[in-house]
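Peer 1: Here is the input, now give the coordinates:
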Amino acid sequence: MTEHEPNPPQQQPPPLAWVKTELARHPQRPDPMNLIESIFTDLSEIHGDRAFGDDPAMYCAFARFDGEEVMVIGNLKGSNTKEKVLRKFGMPDPEGYRKALRAMKLGEKFHRPIFTFIDLMGAYPGLGAEERGQAEAIARNLREMSRLRTPTIATITGEGGSGGALALAVADRVLIMEKAIYSVISPEACAAIMWRDASKRAEAAVALKATAPDLKQFGCVDDVVPEPGDGAHENPEEAAKILAERLRLHLNELKALSTDELLAQRYKKFRNIAQFYTE
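Peer 2: The predicted model follows:
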């Protein structure tokens, strides 16, 4: 380089919010099923929504947690290309949400605490899903989860996107793993709407405030679960162990409350999420 040549522009590192978005989508990151199998025992899967069919993107099962009978629910993403296509990359159809609600109602009936695990970009947006009532299924889950008369704990394990995630997350306690994100829209879709340029996804990630610390500050989540190393993908077993400890802590706190106290606190929590001012 001669003295007259300008210095090459320095490439700026991506913002932390986008780095965490990429970590939340890491292909080796443990998905809900990996965590469920590591934390719970005696899994007995429930199939079908009793209305249309059995959505392979949604997993529901009776299980045991430290010997206690519980209900576990999580979306499934698949571990290879064939499974990912079958499960629509973890995006449930309406029958998936109706199956989840059926499982929640069983958990309520038998007084079992309910655990949900969420890692999805959103509900499946296909024509068939819309024809079968995707919006209604999500809306019904929101209403019914708010009324469940049993302790409920939701965990965002990777990417929690839009109403598809919220339909499993109207819970007494909402946890999020340290490198996970939770937002009404993906950074790419947000950039396409706001700037008409999906390449501005990193700027959108910052603006969305979708990372765990921001969500905790706004009251959208109740606890941030630490991850080993640079993310859960580096040590899935340790990540599951840390998460199990947090789940145990929150479950014990919820079990100390009466049913009326659970419902009152749940209602108050969701009424006050992300309020910036009061009159």
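Peer 1: quick one, strands of this structure?
Peer 2: Applying DSSP state E to the chain gives strands spanning 41-45, 58-65, 68-75, 114-120, 152-161, 173-177, 181-183, 223-225.
Peer 1: just the helices in this protein please.
Peer 2: Using DSSP state H, the helices found in the chain span residues 16-24, 32-39, 81-86, 94-109, 127-131, 134-145, 162-166, 187-194, 201-208, 212-218, 236-255, 259-271.
Peer 1: Could you tell me which ranges of the protein sit under the pLDDT cut-off?
Peer 2: Counting by pLDDT under 70, the chain contains low-confidence ranges at 1-11, 274, 276-279.
Peer 1: if we can go back for a sec, which one, of the strands of the chain, ends up nearest to Ala137?
Peer 2: Minimum separation from Ala137 across the strands of the chain (C-beta to C-beta) falls at strand 58-65, 10.9 Å. To be clear about C-beta, it is placed using only N, CA and C from the backbone, and glycine gets the same treatment.
Peer 1: mind listing what Glu108 touches?
Peer 2: By C-beta atoms under 8 Å, 6 or more residues apart in numbering, the contact set of Glu108 is Ile114, Leu148, Arg149, Thr150.
Peer 1: thinking the second one is in contact with Ile114, fair?
Peer 2: Yes: in this structure, Leu148 is within contact of Ile114 by C-beta atoms under 8 Å, at 6.8 Å.
Peer 1: Which residues are in contact with each of those two?
Peer 2: Listed as contacting both Leu148 and Ile114 by C-beta under 8 Å, 6+ apart are Met104, Gly107, Glu108.
Peer 1: want to throw those residues into JSON lines with distance to Trp18?
Peer 2: JSON lines is the format used below for those (distance: C-beta to C-beta, whole Å):
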{"residue": "Met104", "distance to Trp18": "34"}
{"residue": "Gly107", "distance to Trp18": "37"}
{"residue": "Glu108", "distance to Trp18": "40"}
